[in-house]
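K.L.:
build me a model from this:
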Amino acid sequence: MKRRSLSQLGETEMEVLHQVWAMGEASVADVHDRMLDYRSVAYTTVMTVMKKLAQKGFLNCDTTRSRYLYTPARAPAQVRQELVQDLLDKVFHGSAAALVQTLVRGDSLTVEDTAVIRKMLTRMAAEEEKDA
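P.N.:
Okay, the predicted model is just below:
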């Protein structure tokens, strides 16, 4: 039986994608240099990951210049939405309520997080009432 990942992006892929989002446009060397600030990673690893991200449609690659430059193909919000939807479908059988319940019951939410979520839900409910 083939093993399926919970996410379409691995940890290093996500890390590289965050670097490109932060820079807007980056070469392999640019991303590699930034990653070396906090962990040891081979240049060829970064190059391979960036090529795979381009193949998967997360990065665009401009090969017309002397060095390849990568830009985001999707906005961070779009990627987050896709990844959360994948998690929701695979782990929670599509139930957003189950996901939120898991977050709320866990130790990961701070008092501030809870307050922000309450405000968002209140605002969303008010917007729905206004649109109805």
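K.L.:
contacts, neighbours, all on C-alpha from now
P.N.:
Fine.
K.L.:
now do the one helix or strand residue 33 maps to: which elements does it pack against?
P.N.:
In the assignment (DSSP states H and E), residue 33 maps to helix 28-36. Here helix 28-36 touches helix 11-23, helix 43-55, going by 3 or more CA pairs under 8 Å, 6 or more residues apart in numbering; DSSP states H and E.
K.L.:
and the helix or strand of the chain with the lowest mean pLDDT, what does it pack against?
P.N.:
Least confident element among the helices and strands of the chain, by mean pLDDT, DSSP states H and E: helix 96-105 (a mean of 86). Using 3+ CA pairs under 8 Å, 6+ apart as the contact test, the elements touching helix 96-105 are helix 76-92.
K.L.:
run the angle between the helix it packs on and helix 11-23 for me.
P.N.:
Taking axes from the mean of the first three to the mean of the last three CA atoms, to 10 degrees, one finds that helix 76-92 is oriented at 160 degrees with respect to helix 11-23.
K.L.:
now stretch 24-43, how far from the chain's geometric center?
P.N.:
Taking CA atoms, centre = their mean, to the nearest Å, the mean C-alpha location of stretch 24-43 is offset from the chain mean by 18 Å.
K.L.:
in it, what's buried?
P.N.:
25-29, 31-32, 35, 43 (16 or more other CA atoms under 10 Å).
K.L.:
which of the residues you listed sits closest to residue 15?
P.N.:
Comparing the buried residues of stretch 24-43 against residue 15 with CA to CA picks out residue 35 as the nearest, at 8.6 Å.
K.L.:
quick one, phi/psi of residue 69?
P.N.:
Main-chain dihedrals, residue 69, degrees, to the nearest 10: phi -120, psi 130.
K.L.:
contacts only, for the residue lying closest to it once chain neighbours are set aside.
P.N.:
Spatial nearest neighbour of residue 69, excluding adjacent residues (CA to CA, 6 or more residues apart in numbering): residue 27 at 4.7 Å. Taking CA atoms under 8 Å, 6 or more residues apart in numbering, we find residue 27 in contact with 67-70.
K.L.:
tell me how far residue 27 lies from residue 127.
P.N.:
43 Å (CA to CA, to the nearest Å).
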